[in-house]
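Participant: Okay, sequence plus prediction incoming.
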Amino acid sequence: MPTDPPDAPDDAANPLLASLQRAVEATPDDVALRLHLADLLVEAARGGEAVAHLAAVLQRDPGSSRARELMATALAPPAPAAPAEPDPTARPSGFDWQAAESDLGEVVAPMFAESSAQESEVAAYDVEGSRITLADVGGMKEVKKRLNAAFLAPMRNAELRQMYRKSLRGGLLLYGPPGVGKTFIARALAGELGAGFMTVSMADVLDMYVGNSEKNVHELFETARASAPVVLFLDEVDSIGHKRSRMHSDHMRSTVNQLLLELDSVASDNEGVFVLAATNHPWDVDAALRRPGRLDRTLLVLPPDLEARLAIWESHLRERPVAGIDVKKLAKATDGYTGADIAHLVESAAEIALLEAAESGTVRMIGQADIEAALRELRPSVGPWFETARNVALFANDDGSYDELLTYLRKHRKL
């Protein structure tokens, strides 16, 4: 959800601006207060921050002439700097190198940091909090139902969990086309559980030196265990969990083996570590990763349904100067578009309005025509993914892993 711009670094030197920033955060719908803050930000040559506040004012009060004037000022290019005056005390162009060398004395040799090819410094893995919950995820009822069964219901009902001997171990593999919100869902689950959130791209774990990738995987899980309860989100898991039969490097095979050991928690306890992994290519993930106790459940995340698209449109249009936007019509017109596609459409529409305002000198609102113009240019990005997925669902689904995907393809006539 969009938030107000953060305080500028020099607000400590300007207590009035800092005070107004806090007041606006406390009462975001106070148009007069936002307008006053924007006016002061423009005077302080902080037009970039002022634009966001003025957009919020125009969304609430489209007829505000003062907001439009300030927006034009904030968007105007800075005046060219005056040429510097010559320094009358500057020395003439000649330079006495011999005198300079005698002043320096003994020359100190340059210093270089010593490094070893056997060692690689690994960045610490951060555990964050999450302020969003599944209530912030529009639509996706089937996804929420599966998450409730896998994580939420056992976590919230300790007595039932003990009676049914339901473990909190194991993980869930989210798969689907890119841009459908797999990371957002994982973060929302952490907020729903009240757990910490760790997100790691497998590119951050892999290391060129033998042994370091395995060490990084172990350190990652040790941090997660020490921070339990925590949702550990492994993005692009296929980059490290690729099928070992297709690997030509013993180094990569041993990295996959280390990941399997950590998921099995042979030497440690993974209780309270909720492992979610995401991939666009589940057919490339090693089958051993999907055995019981590891990533033993799969969840297909598809392009957003109508309810979800409506929420995504409203989220991306919020805090922008818009007028005459038919969100319901746009949600219906964007069937098959991902959340990332919709974000791109809004950015493109804003770009159209901004360029016109910059050329004409007159600030105007983002309208339906701008978004429809962007729609004519941008098509859904998931076509190539469904082409590959269709072949997998039809010809490589012997164990039924892709039955859910097959049902979707038939329902939407993509076979």
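Facilitator: The structure has been received and is ready for your questions. Residues are numbered from 1 along each chain as shown.
Participant: didn't residue 345 look like it was pressed against residue 379?
Facilitator: No: between residue 345 and residue 379 there is no contact under Cβ atoms under 8 Å: 10.6 Å. Every C-beta, even on glycine, is put in place using the N, C-alpha and C of the backbone.
Participant: more neighbours, those two?
Facilitator: More neighbours surround residue 345 than the other of residue 345 and residue 379, with 24 against 11 (other Cβ atoms under 10 Å).
Participant: Secondary structure element for the more buried one, which one?
Facilitator: Under the criterion of DSSP states H and E, residue 345 resides in helix 339-360.
Participant: Which element is encountered next along the chain beyond that helix?
Facilitator: helix 368-377.
Participant: List the buried residues in that following helix.
Facilitator: 368, 370-371, 374-375 (16 or more other Cβ atoms under 10 Å).
Participant: Dump those residues to JSON lines, plus pLDDT and distance to residue 304.
Facilitator: Below are the buried residues of helix 368-377 laid out as JSON lines (pLDDT from 0 to 100; distance: Cβ to Cβ, whole Å):
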{"residue": "368", "pLDDT": "95", "distance to residue 304": "21"}
{"residue": "370", "pLDDT": "96", "distance to residue 304": "22"}
{"residue": "371", "pLDDT": "96", "distance to residue 304": "17"}
{"residue": "374", "pLDDT": "96", "distance to residue 304": "18"}
{"residue": "375", "pLDDT": "96", "distance to residue 304": "16"}
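Participant: which one of these is nearest residue 36?
Facilitator: The nearest member of the buried residues of helix 368-377 to residue 36, counting by Cβ to Cβ, is residue 370 at 29.3 Å.
Participant: residues contacting the nearest residue to that closest one once chain neighbours are set aside?
Facilitator: Nearest residue to residue 370, sequence neighbours excluded (Cβ to Cβ, 6 or more residues apart in numbering): residue 349, at 4.0 Å. Counting by Cβ atoms under 8 Å, 6 or more residues apart in numbering, residue 349 touches 366, 370-371, 373-374.
Participant: thinking residue 374 is in contact with residue 348, fair?
Facilitator: Yes: contact criterion Cβ under 8 Å: residue 374 and residue 348 qualify, at 3.8 Å.
Participant: mind checking which helix or strand of the protein has the lowest mean pLDDT?
Facilitator: Within the chain, confidence by mean pLDDT, DSSP states H and E is lowest for helix 97-104 among all helices and strands, at a mean of 64.
Participant: picking up where we left off before, among the buried residues of helix 368-377, pick out the one closest to residue 336, please.
Facilitator: Taking Cβ to Cβ as the measure, residue 336 lies nearest residue 375 of the buried residues of helix 368-377, at 12.2 Å.
Participant: Quick one: the helices in the stretch 251-400 of the chain, in order.
Facilitator: Assigned by DSSP state H, counting those that start in this stretch, the stretch 251-400 of the chain shows helices spanning 306-317, 327-333, 339-360, 368-377, 383-395.
Participant: now the first one against helix 339-360, angle please.
Facilitator: The one in question is helix 306-317. Interaxial angle of helix 306-317 relative to helix 339-360 (axes from the mean of the first three to the mean of the last three Cα atoms, to 10 degrees): 30 degrees.
Participant: Equivalent analysis for the last one, please.
Facilitator: When the same axes, to 10 degrees is applied, the directions of helix 383-395 and helix 339-360 differ by 170 degrees.
Participant: Name the surrounding residues that touch helix 383-395.
Facilitator: Residues contacting helix 383-395 (Cβ under 8 Å, 6+ apart): 177-178, 280-281, 283, 402, 405-406, 409, 414-415.
Participant: let's see 6 Å
Facilitator: By Cβ atoms under 6 Å, 6 or more residues apart in numbering, the residues outside helix 383-395 that reach it are 177, 283, 402, 405-406, 409, 414.
Participant: Thank you kindly, that will do.
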